[in-house]
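Asks: Take this sequence and fold it.
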Amino acid sequence: MLSLKTIATRIKTWFPAPIVHAHCDGPCGVYDPAAARIAAEAVLSMTKKILELQPPDGGDLKAMAAYENTITRYVQIKEEQTQLTKKELLVLWTDYFKPVHLEQFPDLHTQFWNVAKLCSACKVEVSLQHANELMEAIETIQKMFWVTKNRTDVPWYKAS
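Replies: Numbering: from 1, shown residues only. Here you go, the predicted structure:
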């Protein structure tokens with residue numbers, strides 16, 4: 001009686017799979033820093049809303065409950081969107097950018113490391129400064145990304 005391993009080996013011999021070459025997890029064209037930017041815009045928006053929200057005066061329990069509910073929702077959205085921003089950036093960093101891009105942008109790893117740290121800062125704090133710095137860092141990465149695609153024709157692109 002043939003073992004399962006022997007049968008599998010024979011099938012592979014009879015029907016070999018073609019060799020394919022790919023440099024990323026997904027097909028080319030699926031990567032875009034826009035998703036990170038959109039999530040970071042939500043982080044900035046929620047940060048502003050949290051900082052603008054004022055607790056109610058006095059002992060009105062209903063007003064206090066409404067305030068706590070609103071601030072909790074804003075913080076939850078900020079946390080979720082910050083994590084999504086980080087995820088989108090890390091996928092771009094690890095799956096899209098290759099050694100040839102590092103030659104083109106020697107500070108590529110530093111840029112991504114710093115933006116990941118900014119995401120963490122935006123989660124830990126309610127800082128308008130960090131939220132704005134996150135947007136600026138993503139803009140830098142967007143420019144790097146589009147340069148690697150030889151695309152400087154996107155409407156927002158301004159050469160630095």
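
Asks: Return the distance of stretch 46-62 from the chain's centre.
Replies: 30 Å (C-alpha atoms, centre = their mean, to the nearest Å).

Asks: Kindly report the same for stretch 85-100.
Replies: Averaging C-alpha positions (C-alpha atoms, centre = their mean) puts stretch 85-100 8 Å from its chain's average.

Asks: can you list the weak-confidence ranges in this structure?
Replies: 19-29, 154-160 (pLDDT under 70).

Asks: go again using 90 as the cut-off
Replies: 1-32, 57-59, 149-160 (pLDDT under 90).

Asks: So which residues of it form helices?
Replies: Using DSSP state H, the helices found in the chain span residues 4-14, 34-52, 61-91, 99-104, 108-124, 128-148.

Asks: Just put those in a markdown table and tack on mean neighbour count.
Replies: Every C-beta, even on glycine, is put in place using the N, C-alpha and C of the backbone. Output for the helices of the chain, formatted as a markdown table (neighbours: other C-beta atoms under 10 Å):
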| stretch | mean neighbour count |
| --- | --- |
| helix 4-14 | 9 |
| helix 34-52 | 18 |
| helix 61-91 | 16 |
| helix 99-104 | 11 |
| helix 108-124 | 17 |
| helix 128-148 | 18 |
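
Asks: give the contact list for the residue nearest the centre of the chain.
Replies: The centre of the chain sits closest to E88, judged by C-alpha atoms, centre = their mean, with a distance of 2.5 Å. By C-beta atoms under 8 Å, 6 or more residues apart in numbering, the residues touching E88 are P33, A35, A36, A39.
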